[in-house]
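Undergrad: Any chance you can model this:
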Amino acid sequence: MSMDDLQTLQEELEHLKKQYEQATQQRTIKKIEKQNARDKKDELEKELDELDATDNKLQVALKEQQTRFKDAMLDLKETYDELKEEESELQKKLNESERICRRIQDNLMLKSQLPTKNINFKEALTTAENQSDDTPLDIAYTCFLTSGRPFILGPGQALLTFEEERVAGSVIAKKRHFLETNGGRVNVEAQHPQLDKSVKFEVHMDISRKKIKISNLPEDIPEETLKDKVELTFYKSSIGGAEIEKVEYDRDDNTAYVTYLQAGVAERVLKRPYHQFMAGEIQVMPCVNIELNKLQMFSAASPRSVLLTGIKNVDDDEEDDVQDIIQIHFQKESNGGGEVENIVFSKDGRKTLIFEEDLK
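TA: As a prediction, the model looks like this:
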């Protein structure tokens, strides 16, 4: 073997050693990577086991929550059914009560009608035996009062009162009306306002010209002593008093009543409502007798009034404009209207209206 062949073999041997060392290094790296992969796998499997445990706990909690929810729903449904049944019973009782109330109201309705009168005070004169025929003993007033529930004007509604009844009837007969507003064309419906039953009665009031009522009297004085003190005080001409017929004392409300012999004395004494009496101040008031007569229930109607409904899409700053538009529209004869006496429009609030007796 020549030297050249020996040199070549030596070089190949060195090359093989280097390849072996590289292969050994690569295998070591692969082992390390494999071990790292196994560690990562174990870590991931542990996390997965923890997630599975958490999921199982959540599943159990969810089932428990669903069970409690179903139980609560069953309880609520049972309560709802009981309330519905109770509501039904209460509605039956309410209907029965309303039926009885209507029957009582119908029974109380008087067939005769009271004469139509202005609600003004009117003086009636009476005489006493110890007075001349032209000297009134008491001041008497008689007036007629009408009472009923106020009319509530709901959102998007207007109430018109025309001067003529026929105009209101014509507007209601047409029923549907179209108004041109800033928000466009509005379709409204005209109908009679539904009013509740009302009560009318006569009030008769007598104000005595001989008798006065005294209050705020001291309570720790014997009755006879108190009556004597009252008589001495209200007999004095300095306060307008005169000869007294009698003094009565009511201990229940701590008041006294003084009756003079002459009519007109009470008016003079009442010019001063407060008087000094012993250690304090007392109040003097007129003796008034009030009687209610001729009670009558009746169904109210307003033949000159029209209720409009369905007025929508109105801004706050347009409320007055819409009221003007309604008035102008229904004043035109071409729209079946006429002269409007009064108008009220409610955009979104509940307005309370008071109906008075129509004396036209």
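Undergrad: what ranges do the strands span in the protein?
TA: Using DSSP state E, the strands of the chain run over residues 123-124, 138-148, 151-153, 157-162, 176-181, 184-191, 197-215, 244-250, 255-260, 274-277, 280-299, 305-309, 340-346, 351-353.
Undergrad: Flag the helix or strand of this structure with the lowest per-element mean pLDDT.
TA: Within the chain, no helix or strand scores below strand 123-124, which has a mean of 32 by mean pLDDT, DSSP states H and E.
Undergrad: Tell me which of the strands of the chain lies nearest to Lys40.
TA: Lys40 lies closest to strand 184-191 among those, at 72.2 Å (C-beta to C-beta). C-betas here are computed from N, CA, C, even on glycine.
Undergrad: List the buried residues in the closest one.
TA: Judged by neighbour count using 16 or more other C-beta atoms under 10 Å, the buried positions of strand 184-191 are Val186, Val188, Ala190.
Undergrad: what helices or strands is it leaning on?
TA: Strand 184-191 sits against helix 165-174, strand 176-181, strand 305-309, with contacts defined as 3 or more C-beta pairs under 8 Å, 6 or more residues apart in numbering; DSSP states H and E.
Undergrad: Show me what it pairs with in its sheet, parallel or antiparallel.
TA: Partners of strand 184-191 in the sheet, by DSSP bridges, are strand 176-181 (antiparallel), strand 305-309 (antiparallel).
Undergrad: low pLDDT regions in the stretch 51-200 of the chain?
TA: In the predicted model of the stretch 51-200 of the chain, residues 102-138, 140-150, 183, 196-197, 199 satisfy pLDDT under 70.
Undergrad: What's the separation between Ile207 and Ile139?
TA: Ile207 is 4 Å from Ile139, where distance means C-beta to C-beta, to the nearest Å.
Undergrad: Which neighbours do these two have in common?
TA: The contact sets of Ile207 and Ile139 do not overlap (C-beta atoms under 8 Å, 6 or more residues apart in numbering).
Undergrad: Look at Tyr249 and report its pLDDT.
TA: pLDDT for Tyr249: 91.
Undergrad: before we move on, what about Lys229?
TA: With respect to pLDDT, Lys229 has a value of 91.
Undergrad: That one against Ile221, yeah?
TA: Yes - here Lys229 reaches Ile221: they are 7.4 Å apart, a contact under C-beta atoms under 8 Å.
Undergrad: And those two? Which one has more around it.
TA: Set Lys229 next to Ile221 and count neighbours by other C-beta atoms under 10 Å: Lys229 wins out with 17 against 13.
Undergrad: how many other residues sit next to the nearest residue to the more buried one once chain neighbours are set aside?
TA: Nearest-residue entry for Lys229: Met278, 6.6 Å, with adjacent residues in sequence omitted and distances by C-beta to C-beta, 6 or more residues apart in numbering. Per other C-beta under 10 Å, the neighbour tally for Met278 reads 12.
Undergrad: Kindly report the same for Glu202.
TA: Glu202 has 16 nearby residues by other C-beta under 10 Å.
Undergrad: Which strand residues bridge it?
TA: Under the criterion used (DSSP bridges), Glu202 bridges to Phe144, Asn293.
Undergrad: what about it, distance to Leu292?
TA: According to C-beta to C-beta, Glu202 and Leu292 sit 7 Å apart.
Undergrad: Equivalent analysis for Ile32, please.
TA: 113 Å.
Undergrad: how far out from the middle of the chain is stretch 251-262?
TA: Chain-centre distance of stretch 251-262: 44 Å, with C-alpha atoms, centre = their mean, to the nearest Å.
Undergrad: end to end, how far does it reach?
TA: Start-to-end span of stretch 251-262 (C-alpha to C-alpha, to the nearest Å) is 26 Å.
Undergrad: Please work out the angle formed by the directions of the helix of greatest length in the chain and strand 197-215.
TA: Ranked by number of residues, the top helix in the chain under DSSP state H is helix 3-108. Put simply, helix 3-108 runs at 80 degrees to strand 197-215, going by axes from the mean of the first three to the mean of the last three C-alpha atoms, to 10 degrees.
Undergrad: Please shift the residue numbers so they start at 340 in all later answers.
TA: Understood, numbering begins at 340; the last thing we discussed is helix 342-447.
Undergrad: what's the angle from helix 342-447 to strand 619-638?
TA: Interaxial angle, helix 342-447 versus strand 619-638 (the same axes, to 10 degrees): 90 degrees.
Undergrad: Mind giving me the packing neighbours of helix 342-447?
TA: Packed against helix 342-447 by the contact rule (3+ C-beta pairs under 8 Å, 6+ apart) you find no helix or strand.
Undergrad: Now the phi/psi pair for the closest residue to Arg505 other than its chain neighbours, please.
TA: Using C-beta to C-beta, 6+ apart and skipping residues adjacent in sequence, the residue nearest Arg505 is Gly677, 7.9 Å away. Phi and psi for Gly677, reported as degrees, to the nearest 10, are phi -170, psi -170.
Undergrad: Kind regards, and thank you for your time.
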